[in-house]
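In: the following block contains a protein sequence and its predicted model.
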Amino acid sequence: SDRHAPVSTPASTGPLRRNRATSHVLHRHTGDVLPVAVGGEGCWLIDAEGRRYLDASGGAAVSCLGHGNRRVRDAIMAQLDKVAFAHTGFFTNEPMERLAEMLVEGAPEGIGRACFVSGGSEAIESALKIARQYAVERGDLARTRVIARRQSYHGNTLGALSATGNTGRRRPFLPWVIDDVVHVSPCYAWRHRAADETDIAYGQRLAAEFEHQLRVLGPETVLAFVAEPVVGATLGAVPAVEGYFKAIRQICDRHGVLLILDEVMCGMGRTGYLYACEADGVAPDMIAMAKGLGAGYQPIGAVLVSDAIADVVLHGRLGLMTGHTYMGHPVACAASLAVQEVIRDDGLVARVRGLDATFERLLRDGLGARPEVGDIRGRGFFRGVELVADRTTKRPFPATAGLAKRIKAAAFDLGLICYPGSGTADGIDGDHILLAPPFIATEDELALAVERLGQAIDRAM
Ligand code: PLP
């Protein structure tokens with residue numbers, strides 16, 4: 001019988017579709033033709049034509065170990081030889097337990113548990129739901145509101161998008177985003193600190209704004225404050241000023257509000273600290289992480305939870321009410337465990353911290369004198385370059401010019417991967433380029449990234 005005869009030519013035998021218009025993939029990329037990624041070695045990605053790209057942003061701050069790490073590859077293969085999947089409703093698994101142990105060991109004071117998910121948005125969703133469950137179990141039913149910051153990105157799913165302050169990303173979905181999220185000012189000293197104000201005074205002013213907002217809402221109705229310690233995609237590697245997060249922590253404590261830090265982009269060593277909040281001297285109630293957690297070898301995210309919250313939720317009437325089929329996936333956890341072991345054994349956090357000043361100097365020497373470069377900032381291997389039409393007034397380029405995206409495209413042509421952010425119209429203050437190279441990048445590779453970025457800016461202007 002011809003019952004098993006193919007009804008059409010198998011797709012795998014035809015030419016690979018890479019054109020956005022004809023591909024069966026619903027691509028999100030805006031270019032017409034996408035190169036096909038076929039290989040990766042260290043800080044470099046290689047396409048089907050043999051072109052090499054210096055991955056100076058690790059995609060979107062993901063590939064912190066670079067590409068092709070053998071130890072991670074071996075850990076994945078070894079786990080596959082044992083078991084690929086065992087649902088967490090029935091089993092625990094060894095890599096998940098060990099990974100949780102390792103993360104908690106290095107975490108800020110009070111953090112005692114890890115809940116594993118598949119990415120950053122799920123981590124934020126889980127943190128918000130755990131916060132709500134904590135309030136419900138304590139009989140604190142009125143606590144529903146979340147305070148986040150404008151110019152933040154917390155993810156794409158509807159809960160995480162509700163916390164997100166970036167208006168451009170929210171607008172099409174506004175009818176669905178949760179009303180119970182209120183946004184306050186981000187900590188963005190270079191642009192918003194007054195001329196006669198110190199960093200410390202600016203941080204205290206923002207903390208006072210936060211507390212004022214709490215009082216307006218009624219502190220007993222507020223569940224949590226959510227913020228990125230170093231703002232990634234929407235501002236371009238902007239850390240808070242000294243004292244800001246300490247003041248926020250005190251205000252949260254005063255009013256029974258939970259502090260949730262989003263370290264999806266800035267965490268896991270990227271800033272030269274394993275947890276970015278170490279630099280701010282605060283211990284949050286929960287930390288969301290992803291990206292560098294699995295370094296791109298597998299999709300994985302996590303929310304770290306304080307013992308105080310975990311105890312209430314676990315011993316409550318409902319048990320943990322957030323969960324996904326793939327949470328704690330053994331292969332993802334094995335990959336992530338190997339990534340974190342490499343980071344520990346190779347001393348990569350210390351390496352990033354040690355090269356902090358070198359990377360900053362390379363950026364300042366290479367780009368600092370350009371008239372269109374307004375600010376160079378960040379920590380460790382998490383750096384932002386903000387572009388302005390006028391350095392004195394800090395006037396941004398018009399959003400319609402799409403400068404950051406044009407720089408990204410020019411850089412890509414030059415064999416450099418960097419991550420753009422832009423748009424004055426949507427509450428973002430201007431164009432910036434984010435660099436987040438793998439922790440293994442050599443000084444020569446850092447220098448080459450800066451050189452190519454300079455050339456890309458020239459081409460895009
Ligand atoms: N939070 C921050 C700070 C992020 O940068 C991102 C992604 O860029 C997310 C959350 C969402 O993570 P994911 O894209 O893995 O869902």
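Out: On my side now, so go ahead.
In: from here on, contacts and neighbour counts on C-alpha atoms
Out: Noted.
In: which stretches of the stretch 1-150 of the chain aren't confidently modelled?
Out: By pLDDT under 70, the weakly predicted segments of the stretch 1-150 of the chain are 1-13.
In: now with 80, please.
Out: For the stretch 1-150 of the chain, residues meeting the criterion pLDDT under 80 lie at 1-15, 17-18, 29-32.
In: what ranges does it have for its helices?
Out: Listed in chain order, the helices of the stretch 1-150 of the chain (DSSP state H, counting those that start in this stretch) span 58-61, 70-82, 94-106, 120-137.
In: just checking, what packs against the last one?
Out: Put plainly, it is helix 120-137. Packing partners of helix 120-137 (3 or more Cα pairs under 8 Å, 6 or more residues apart in numbering; DSSP states H and E): helix 158-163, strand 222-227, strand 258-262, strand 286-289, strand 301-306, helix 307-314.
In: deepest in the core, which of these is it.
Out: Burial of the helices and strands packed on helix 120-137 is given as mean neighbour count (mean count of other Cα atoms under 10 Å); strand 286-289 ranks first at a mean of 30.
In: anything in that one near the ligand?
Out: No - Strand 286-289 stays clear of the ligand (Cα under 6 Å from any ligand atom), getting no nearer than 7.7 Å.
In: name every strand pairing with that strand and say which way it goes.
Out: Strand 286-289 pairs in its sheet with strand 258-262 (parallel), strand 301-306 (antiparallel), by DSSP bridges.
In: how distant is it from the center of its chain?
Out: Using Cα atoms, centre = their mean, to the nearest Å, the distance from the centre of strand 286-289 to the centre of the chain it belongs to is 11 Å.
In: repeat for stretch 413-424
Out: Between the centre of stretch 413-424 and the centre of its chain there are 16 Å (Cα atoms, centre = their mean).
In: buried ones in it?
Out: Under the neighbour-count criterion of 16 or more other Cα atoms under 10 Å, stretch 413-424 has Leu414, Gly415, Leu416, Ile417, Cys418, Tyr419, Pro420, Gly421, Ser422, Gly423, Thr424 buried.
In: CA atoms of that stretch as PDB?
Out: What follows is stretch 413-424, C-alpha atoms only, in PDB (Å, rounded to 0.1, in the frame of the first residue of the first chain):
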ATOM      1  CA  ASP A 413      27.600  43.600   8.600                       C
ATOM      2  CA  LEU A 414      31.000  44.200  10.100                       C
ATOM      3  CA  GLY A 415      30.900  40.900  12.000                       C
ATOM      4  CA  LEU A 416      29.900  42.300  15.400                       C
ATOM      5  CA  ILE A 417      26.800  41.300  17.500                       C
ATOM      6  CA  CYS A 418      25.700  44.100  19.800                       C
ATOM      7  CA  TYR A 419      22.200  44.700  21.300                       C
ATOM      8  CA  PRO A 420      20.300  47.900  20.500                       C
ATOM      9  CA  GLY A 421      17.700  49.800  22.500                       C
ATOM     10  CA  SER A 422      16.000  53.000  21.300                       C
ATOM     11  CA  GLY A 423      13.000  55.300  21.000                       C
ATOM     12  CA  THR A 424      12.200  58.600  22.600                       C
END
